[in-house]
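Colleague: this one's structure only:
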């Protein structure tokens, strides 16, 4: 038997299996199949704008199995943000979301090949890694998705 034939058959099988699992995942993240609404707001930490932060809205399970893609934004120097879906459409899926907010300290070194460690997280874990924050995105959208975070 030709060794190259065996290798190409294995590669073909692996590619088919990979496509079988990856394509549905990619199709499931298409936000055009879901109702989107514009979402913006302001994030503060101890009363000060949270600049250079990251905010993530992830739809929470409801009746539908595929509830759709999450939305993200970076905060500006005033703590303002405007959400976009992961496939770069404006807004977030209408409904309830888990919210996670992260921020790296401005004193942290830039990440590069010589970086000696991870940047310092200024936002307490209860607002990101262990977040219980939720937000209901209304069908008409909102510019009042404001989060006032507090240090312990």
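Modeller: In hand now; what should we look at? Only a predicted model underlies this, so the values are computations on that prediction, with no experimental measurement involved.

Colleague: Provide a list of residues in contact with residue 51.
Modeller: 75, 76, 77, 78, 79, 103, 106 (CB atoms under 8 Å, 6 or more residues apart in numbering). No exception for glycine: its C-beta is placed from N, CA and C like everyone else's.

Colleague: Now it. Its backbone dihedrals?
Modeller: Dihedral pair for residue 51: phi -90, psi 150, per degrees, to the nearest 10.

Colleague: With residue 99 as the reference, measure out to it.
Modeller: 18 Å (CB to CB, to the nearest Å).

Colleague: Which parts of this protein are helices?
Modeller: Secondary structure of the chain by DSSP state H: the helices cover 3-28.

Colleague: Name the spans of it whose pLDDT lies under the cut-off.
Modeller: Scanning the chain for pLDDT under 70 picks out 1-32, 62-66, 105-119.

Colleague: Would you tell me which strand is longest in it?
Modeller: Ordering each strand of the chain by length in residues (DSSP state E) puts strand 95-103 first.

Colleague: which residues are contacting it?
Modeller: 43, 45, 50-60, 62, 67, 70-71, 75, 121-123, 127-129, 131, 133-137, 147, 149.

Colleague: Out of these, list just those in strands.
Modeller: Using DSSP E, the contacts of strand 95-103 in strands are 43, 45, 53-59, 71, 134-137, 147, 149.

Colleague: domain parsing for this protein?
Modeller: 1-32, 34-149 (automatic domain parsing).

Colleague: Could you give me the ChimeraX syntax to select whichever of the contacts of strand 95-103 are buried?
Modeller: Buried residues among the contacts of strand 95-103 (16 or more other CB atoms under 10 Å), as a ChimeraX selection:
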select :43,45,50,51,53,54,55,56,57,58,59,67,70,71,75,122,123,127,128,131,133,135,137,147,149
